[in-house]
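1. could you look at this predicted model? Sequence included:
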Amino acid sequence: MALTLPDIEQLFAQRGAEQYTGEPVTQLAHALQTAALGEAEGASDALVTAALLHDLGHLLHELGDTPTARGIDDLHQYRALPFLRGLFAEPVLGAIRLHVDAKRYLCATRPGYLAALSDDSKRSLALQGGVFTPAEAAAFMAQAGADGAVRLRIWDDQAKTAGLATPPLAHFLARAARCAHAPPTGAAA
């Protein structure tokens, strides 16, 4: 079943107050901060929308607190895609799908990046396949949308500040509406 923008708003209303594992922010605060960082950098509506929704997969299933501590990779980067495919095109979906591999890429190519990750992010990195080899890093960057996924990942890492003011969810859902697929014409009401 494809999600609509009202469905996404409802999902954040129901589960957005949950703690973002291992961080001093909620799921909603993390999503809003990530989108706000993208917006501040002048990113497109599609990339800001991907920033807002990059961790939506965490909200679509319940694995309890800190699944990585129990050796579980929740595959959240893939979990939301079937629900978003009817609403958004590849520029949004690709950045969401690639943001975990972007972490693996940054660990391989940016000095100090791995050491700066939170404990939970380090645990998930191991479960997600670890640091890319040079060949894997090159193959990652050859994919369409990899640059945007790297930008999203950097915002993701920075979006963990308790109490940081951001625009509200409605602001970012309006941006999402601008890059959403139009409903089919002539559809019966």
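-> Right, received. Where do you want to start?

2. can you pull the contacts of the residue nearest the centre of the chain?
-> With the centre of the chain defined as its mean C-alpha position, the nearest residue by C-alpha atoms, centre = their mean is residue 54, 1.5 Å away. Residues counted as contacts of residue 54 (C-beta atoms under 8 Å, 6 or more residues apart in numbering) are 31, 34, 77, 95-96, 99, 152, 156. The way it works is simple: take the backbone N, C-alpha and C, and place the C-beta from them, glycine included.

3. where's the dip in pLDDT among those?
-> Lowest pLDDT among the contacts of residue 54: residue 77, with 69.

4. and for the residue nearest to residue 143 when sequence neighbours are not counted, the neighbour number?
-> Spatial nearest neighbour of residue 143, chain neighbours left out: residue 98 (6.8 Å); criterion: C-beta to C-beta, 6 or more residues apart in numbering. The number of residues packed around residue 98, counting by other C-beta atoms under 10 Å, is 25.

5. give me the element residue 98 is part of.
-> helix 90-109 (DSSP states H and E).

6. for that helix, name the packing helices and strands.
-> For helix 90-109, the helices and strands in contact under the criterion 3 or more C-beta pairs under 8 Å, 6 or more residues apart in numbering; DSSP states H and E are helix 45-53, helix 76-79, helix 81-84, helix 113-116, helix 119-127, helix 134-141, helix 146-158.

7. next, the buried residues of the longest one.
-> Looking back up the chat, that one is helix 146-158. 146, 148-157 (16 or more other C-beta atoms under 10 Å).

8. thank you kindly, that will do.
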